[in-house]
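Asks: Requesting a structural model of the entry that follows:
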Amino acid sequence: MGLTLWLVPSAADSARLKKIMDARPTSQSTSDASYPAFQPHITLAALPDPVPSLAAILAAIPETQHALPITFDSVEVGDHFFRSVYLAARPSPALFDLHAHVHSALHIAPKTLKFPHISLCYINDEDAAAGERTRYFQALKDAGRIRGDGNSVSLNCGEPEGDDWMSGFELPEIWIARCEGPVETWTVERKIALKGADIGRGKFV
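Replies: Alright, predicted model coming up:
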């Protein structure tokens, strides 16, 4: 994948969401390639070769860009390793404006499929063919982790005996991430705090 730009929730909200991401069905064993650990994020841009300079990337992010709130529309089972099971986020005008601005400033064509979405797990094709993506999704439903009203969805990120419902969160940072090789070897090269960001705590319940 190369160098990418991620919109990332706060550490507190990331920790909450990782309780969902760490869920595992118990009915099947899977290959080592499935369920790698990764930082929850929305991919804002995938940068082609030759990669723009760091100065150009930083210049493409508006200095006045505020932290972006998002809400969750649905939980979807996908058909690709990087979209195995994911949260479809509501496409707000502010989010689309930033997406368009960054791509225009860097003179690149968008390659962010299903934008905006937050992947909950990565499951390889072999395990997916055996039904693992569906099993992961069903395990969340069976555990009462998903609650929807037809227009939006919330996730229970609490411990097994408690409730901690999340219907969205704020995206207070953009990370420049190098996504090469196995997922768990990906590295973050730069973190950019957005204006008005409250990185220390989550916004939504």
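
Asks: Every contact and neighbour count from this point should use C-alpha atoms.
Replies: Noted.

Asks: Confirm that residue 6 sits in a helix.
Replies: No. Residue 6 is assigned strand when assessed by DSSP: H, G, I helix; E, B strand; the rest coil, not a helix.

Asks: what number of residues lie near it?
Replies: By other C-alpha atoms under 10 Å, the residues close to residue 6 number 22.

Asks: what's the single longest strand in this structure?
Replies: Ranked by residue count and defined by DSSP state E, the top strand of the chain is strand 68-80.

Asks: Where does the prediction get shaky in the chain?
Replies: Confidence mapping of the chain against pLDDT under 70 gives the ranges 197-205.

Asks: before we move on, back to that, so how far is the longest strand of the chain from its chain's centroid?
Replies: Strand 68-80 sits 8 Å away from the centroid of its parent chain (C-alpha atoms, centre = their mean, to the nearest Å).

Asks: Check which residues of it are buried.
Replies: Judged by neighbour count (16 or more other C-alpha atoms under 10 Å), strand 68-80 contains these buried residues: 68, 69, 70, 71, 72, 73, 74, 75, 76, 77, 78.

Asks: What strands line up against that strand, and which way round?
Replies: Paired strands of strand 68-80, with direction, are strand 83-89 (antiparallel), strand 168-171 (antiparallel) (DSSP bridges).

Asks: tally of neighbours for residue 53?
Replies: Neighbours around residue 53, by other C-alpha under 10 Å: 10.

Asks: right, and the strands paired with strand 68-80 - which one's nearest residue 56?
Replies: Smallest distance to residue 56 across those (C-alpha to C-alpha): 21.8 Å, for strand 168-171.

Asks: after the closest one, next one along is what?
Replies: Next helix or strand after strand 168-171 toward the C-terminus (DSSP states H and E): strand 173-179.

Asks: What segments of this protein are strands?
Replies: Taking DSSP E as the criterion, the chain carries its strands at 2-8, 42-46, 68-80, 83-89, 117-121, 146-148, 153-156, 165-166, 168-171, 173-179, 187-193.

Asks: So which of those strands is the most surrounded?
Replies: Highest mean neighbour count of the strands of the chain: strand 117-121, a mean of 26 (counted as mean count of other C-alpha atoms under 10 Å).

Asks: circling back to that earlier point, now the longest strand of the chain and strand 117-121, what's the angle there?
Replies: Strand 68-80 runs at 50 degrees relative to strand 117-121, counting by axes from the mean of the first three to the mean of the last three C-alpha atoms, to 10 degrees.

Asks: tell me the phi and psi of residue 65?
Replies: Main-chain torsions, residue 65, degrees, to the nearest 10: phi -70, psi 120.

Asks: What's the separation between residue 155 and residue 102?
Replies: Distance of residue 155 to residue 102, given as C-alpha to C-alpha, to the nearest Å: 30 Å.

Asks: ok, back up a step: what's the angle between the longest strand of the chain and strand 2-8?
Replies: 130 degrees.

Asks: Touching strand 68-80 from outside, list them.
Replies: With C-alpha atoms under 8 Å, 6 or more residues apart in numbering as the test, strand 68-80 has contacts from 83-90, 92, 94-95, 124-125, 133-134, 137, 148, 151-154, 167-172.
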